[in-house]
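> need the 3D shape of this:
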Amino acid sequence: MTSGMIDGTSARAVEPLTPTWTRDEADSASGDLLEMPGISALAGAANVIMQLSLPAVGYGVAESTVDSGNLFKHPIKRGRTTLAYLAVAVNGTPADRKAYRKAVGHSHAQVKSTDSSPVKYSAFDPALQLWVAACLYKGWEDMQHLYGDPAAVTEEAYQQGALMGTTLQMPRDMWPATRADFQEYWDRTVAGLVIDDTIRELLLSISRFEFLPRPLSTVIGGFGLFLTTGFLPPEFRDKMGLEWSGRDQRMFDAHNRVARAVAVRLPKPLRAFPFNLYLWDVRRRIKAGKRLT
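Numbers count the residues shown, from 1 in each chain. As a prediction, the model looks like this:
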């Protein structure tokens, strides 16, 4: 199985559809239309499941020997670096993105398959980075419909979504040319996803917040699984074998109505929390010469 393969279908199925951008051009692109509601962090576990559903990404995480980035060993640090990446990609300056790309690249260089790996992968594979970026962008769209402004989901905002991949090593011209092209890529990739038992158990552990210390994970694990299942698109629920009833949907909708009612009444700095805090922290670390990841 070659890198980026999905049940026999290559994750590289997207051909370059847009004019080639240089790295400097990609870095200098604006993400001003991609405001991320802070409350969307609630859907973080669901987005991780979507990303790891691609076998090469899932096994890259499951088999990674980079302990400093292990969610189950360093949950606070892993949460910080993940949310900081989003903050930098969406609202960072070109200098912020370059610094963060370098830091993530140092960790990613150690993530590659071995002869015993069920699938071949490399964290530097741009096709895998495209999938991760696609999940992040899709999550942004979903959160706009739940907590933000659905009118913000425009073709122009979609183009800025490429920053979620170009802040890594994904070439800008791998990003599907239009939102319609993106939907075609998304549907085709999702249809080919197969989640095996190894990755499913890992994803269920994340859904139940088992990376948090006990007894906290025991107390909130059931609610975590409920929220994560609710935020997952139906096709991912099916692939995970997660049950979801009409009553569950009504409870989830009620939760979102309350969460949105609270969020829209918060001052802007609080609505942007924790992403604004993590962006500030990245810049503080850069200035102080501290590690970013």
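> would you mark the buried spots in stretch 194-211?
Ile195, Ile199, Arg200, Leu202, Leu203, Leu204, Ile206, Ser207, Arg208, Phe209, Glu210, Phe211 (16 or more other CB atoms under 10 Å). All C-beta spots, glycine's among them, are computed from the backbone N, C-alpha and C.
> same question for stretch 115-134.
Residues of stretch 115-134 classed as buried by neighbour count (16+ other CB under 10 Å): 118-123, 125-134.
> these: which two are farthest apart?
With CB to CB as the measure, no two of the buried residues of stretch 115-134 lie farther apart than Pro118 and Ala133, at 23.8 Å.
> of the buried residues of stretch 194-211, which is the nearest to Leu227?
Among the buried residues of stretch 194-211, and counting by CB to CB, the member closest to Leu227 is Ser207, at 8.6 Å.
> hmm, that closest one is touching Thr229, no?
Yes - taking contacts as CB atoms under 8 Å, Ser207 lies within contact range of Thr229: 7.2 Å.
> give me the common contacts of those two.
Any residue near both Ser207 and Thr229 by CB atoms under 8 Å, 6 or more residues apart in numbering counts here, and that gives Ala46.
> gap between the helix or strand where Gln159 lies and the chain center?
Per DSSP states H and E: Gln159 is located in helix 155-160. Put simply, helix 155-160 sits 17 Å off its chain's centre (CA atoms, centre = their mean, to the nearest Å).
> who does that helix touch, helix- and strand-wise?
Judged by 3 or more CB pairs under 8 Å, 6 or more residues apart in numbering; DSSP states H and E, the packing partners of helix 155-160 are helix 179-191.
> packing partners of the helix it packs on?
By 3+ CB pairs under 8 Å, 6+ apart, helix 179-191 packs against helix 126-146, helix 155-160.
> and those as TSV, adding mean pLDDT and distance to Ala84?
Compiled in TSV, the helices and strands packed on helix 179-191 are given as follows (pLDDT from 0 to 100; distance: least, CB to CB, whole Å):
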stretch	mean pLDDT	distance to Ala84
helix 126-146	95	13
helix 155-160	94	19
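> quick check: which of those is nearest to Asp187?
Closest to Asp187 of the helices and strands packed on helix 179-191, according to CB to CB: helix 126-146, at 11.2 Å.
> which strands and helices sit next to the closest one?
Applying 3+ CB pairs under 8 Å, 6+ apart, one finds that helix 126-146 contacts helix 44-52, helix 55-62, helix 163-166, helix 179-191.
> right, and those helices - which one's nearest Arg284?
It's helix 163-166; of those, that one is closest to Arg284 (CB to CB) at 21.6 Å.
> and the closest one, what's its mean pLDDT?
Average pLDDT, helix 163-166: 93.
> thinking again about what came up before, deepest-packed of the helices and strands packed on helix 126-146, please.
By mean neighbour count, with neighbours taken as mean count of other CB atoms under 10 Å, helix 163-166 ranks first of the helices and strands packed on helix 126-146 at a mean of 26.
> ok now that one, how far from the chain's centre?
11 Å.
> which other helices and strands does it contact?
Secondary-structure packing of helix 163-166 (3+ CB pairs under 8 Å, 6+ apart): helix 23-28, helix 75-91, helix 126-146.
> ok, 10 Å please
helix 23-28, helix 75-91, helix 94-108, helix 126-146 (3 or more CB pairs under 10 Å, 6 or more residues apart in numbering; DSSP states H and E).
> that'll do, ta.
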